[in-house]
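Novice: test case, fold it:
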Amino acid sequence: MIRQCNSSDFETIYSIINEAAEAYRGIIPGDRWKVPYMDREELQHEIDDGVVFWGYEEGGILVGVMGVQDVMDVTLVRHAYVRTATQNKGIGGGLLSELREKTARPLLMGTWANAVWAVRFYEKHGFRLVTPEEKTRLLKKYWSIPERQVETSVVLADQKWFDLRQTAT
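Specialist: I've put the predicted structure just below:
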């Protein structure tokens, strides 16, 4: 079952993010890695900043989360994580499908460039990498992240974004 998370899910969201983010250890630049990967204050800041988390429940237990955040004219997919024991079972794809149905806006996703599994996941679900120049422009326009993260990230966009961009040119 996929449902919108609420304040009572905060600790579970925190736990899922930090457990699943272990996959980034040694992959992302060492100066961007920290433990916990996302502390409670940072998670609360993201929620206060408009990130709405959706969760995938299995047997009444939250096993995956994915956030969305409307920023200007797009929706950002944020903080997509699935518990290690339940990965590769369609949970992330199910969450992404559900969230795609809930928005008419173009979807953008930012992730670490060296997290090839994450890039492949989004490509498998119809997202495409934008050019390096466009990546920098989008990350600076829609995200609030440090310059070092801009340098070491990629952005993927759904077909709606590419279609709108084509129409605008």
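
Novice: need the distance between the two termini of stretch 148-157.
Specialist: One end of stretch 148-157 to the other measures 21 Å (CA to CA, to the nearest Å).

Novice: what's it in contact with?
Specialist: 28-29, 31-32, 106-114, 119, 122-123, 127-130, 134-136, 138-140, 145 (CB atoms under 8 Å, 6 or more residues apart in numbering). No exception for glycine: its C-beta is placed from N, CA and C like everyone else's.

Novice: out of these, which are buried?
Specialist: 28, 32, 106-113, 119, 122, 127, 130, 135-136, 138-139 (16 or more other CB atoms under 10 Å).

Novice: need the CA coordinates for stretch 124-143. CSV is fine.
Specialist: The C-alpha atoms that make up stretch 124-143 are tabulated as CSV, following Å, rounded to 0.1, in the frame of the first residue of the first chain:
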residue,chain,number,x,y,z
LYS,A,124,14.5,2.5,-16.4
HIS,A,125,11.5,4.5,-15.4
GLY,A,126,11.6,6.8,-18.3
PHE,A,127,13.8,9.7,-16.9
ARG,A,128,16.7,10.9,-19.0
LEU,A,129,19.9,12.7,-18.1
VAL,A,130,20.0,16.4,-19.0
THR,A,131,23.2,17.9,-20.3
PRO,A,132,25.9,19.0,-17.9
GLU,A,133,25.2,22.7,-18.6
GLU,A,134,21.5,22.2,-18.0
LYS,A,135,22.2,20.2,-14.9
THR,A,136,24.0,23.1,-13.3
ARG,A,137,21.3,25.5,-14.3
LEU,A,138,18.5,23.3,-12.9
LEU,A,139,20.3,22.5,-9.6
LYS,A,140,20.9,26.2,-9.0
LYS,A,141,17.4,27.2,-9.9
TYR,A,142,15.3,24.5,-8.1
TRP,A,143,17.5,23.1,-5.4
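
Novice: what mean pLDDT would you report for it?
Specialist: For stretch 124-143, the mean per-residue pLDDT is 97.

Novice: which residues in the protein form helices?
Specialist: 10-20, 40-48, 91-101, 116-124, 132-142, 147-151, 159-168 (DSSP state H).

Novice: now render these as a markdown table, adding distance to Tyr56.
Specialist: What follows is the helices of the chain, written out as a markdown table (distance: least, CB to CB, whole Å):
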| stretch | distance to Tyr56 |
| --- | --- |
| helix 10-20 | 10 |
| helix 40-48 | 18 |
| helix 91-101 | 5 |
| helix 116-124 | 14 |
| helix 132-142 | 25 |
| helix 147-151 | 27 |
| helix 159-168 | 23 |
